[in-house]
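Sequence and predicted structure, then a few things I'm wondering about:
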Amino acid sequence: RLLRAMACRTRAASMASKGFGSKKNVGSKKVKQAPPGWTQVGRTSDLVENKPIKAVDLGRNAVVLVRSGEEFFCTDAKSTAYQFPLVDANLVEVEGKPAIECPLDGTVYDLRTGKVLEWCPKNNVIRAFLGKLKEKEKPVKLQTYPLSLGEDGEIYVKL
C-alpha cells in the first residue's frame with residue numbers, strides 16, 4: 001500500500017445539472033452558493049499536502065474531509081469497527097484506489113464507496129487483540145457523502 005487517498009470524491013460530471021463543477025471544469029458552471037440540501041463544510045485550501053484530512057462538526061453529524069491529489073472525499077468522522085476518530089487516519093492506496101486506514105484497528109476503507117477493504121487486521125499486538133474481538137462480526141461499510149466544489153474552492157456536501 002502507498003500513502004495516499006481520500007473519502008467522498010468530487011462528482012463534477014454528475015453534478016453538472018446542479019450547477020457544480022470541479023477544478024478541471026468538466027463542462028459545468030460553478031456557483032457561489034450551495035443549492036438546497038447541500039452544506040458548505042470547508043474550502044479546498046483547508047486541506048493541504050501535510051494535513052490532507054480535516055474533521056468538521058456539523059451538529060448532529062461529524063465528518064472528515066479528505067484530499068488525495070485533486071480528488072476530495074467526505075466520510076463519517078469515526079471508523080465503523082471501534083468508532084475511532086479518522087482525523088489522524090493514514091491515507092493509503094489499495095489496487096489504485098484511494099483509501100483510509102484507521103490508526104487504532106487498521107481497518108481500511110475505500111474512500112469512493114466506503115467499502116471495507118480490510119477488516120481489523122491482526123498485524124501487531126494491539127490489533128491482534130482488537131481483531132480477535134471483531135473476528136465474528138461482519139465488516140461495516142463507512143458512510144460516504146456526495147461532495148462538490150464551488151467556484152471559489154468551497155466544499156459542499158449533501159448529508
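Thanks, I have it. Computed from a predicted structure; not experimentally measured.

in this structure, which spans are helices?
According to DSSP state H, the chain carries its helices in the segments 125-134.

Do you have the strands of it handy? List them.
2-3, 38-43, 53-57, 62-68, 71-76, 90-94, 97-101, 108-110, 116-118, 147-149, 154-158 (DSSP state E).

Out of those strands, the one nearest Ile126 is which?
Among the strands of the chain, strand 97-101 comes nearest to Ile126, with 14.2 Å by CB to CB. Quick note: C-beta positions are derived from backbone N, CA and C, even for glycine.

now that closest one: how far from the chain's centre is it?
Remark: strand 97-101 is offset 9 Å from the chain centroid, using CA atoms, centre = their mean, to the nearest Å.

Low-confidence regions, this protein specifically.
Applying pLDDT under 70 to the chain picks out residues 1-32.

can you rerun that using 50?
For the chain, applying pLDDT under 50 flags the ranges 1-29.

Name the residue most distant from the centre of it?
Val125 (27.4 Å; CA atoms, centre = their mean).

closest to Phe129 out of the strands of the chain?
strand 116-118 (16.8 Å).

what lines up beside that closest one in the sheet?
Here strand 116-118 has these sheet partners by DSSP bridges: strand 108-110 (antiparallel).

related to what we said a few turns ago, in CSV, list the strands of the chain along with mean neighbour count.
Converted to CSV, these look like this (neighbours: other CB atoms under 10 Å):
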stretch, mean neighbour count
strand 2-3, 10
strand 38-43, 17
strand 53-57, 16
strand 62-68, 24
strand 71-76, 24
strand 90-94, 18
strand 97-101, 23
strand 108-110, 25
strand 116-118, 19
strand 147-149, 26
strand 154-158, 22
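
Dump those to CSV, plus distance to Tyr82.
Shown next, in CSV, are those (distance: least, CB to CB, whole Å):
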stretch, distance to Tyr82
strand 2-3, 22
strand 38-43, 24
strand 53-57, 17
strand 62-68, 16
strand 71-76, 13
strand 90-94, 16
strand 97-101, 13
strand 108-110, 13
strand 116-118, 13
strand 147-149, 25
strand 154-158, 24
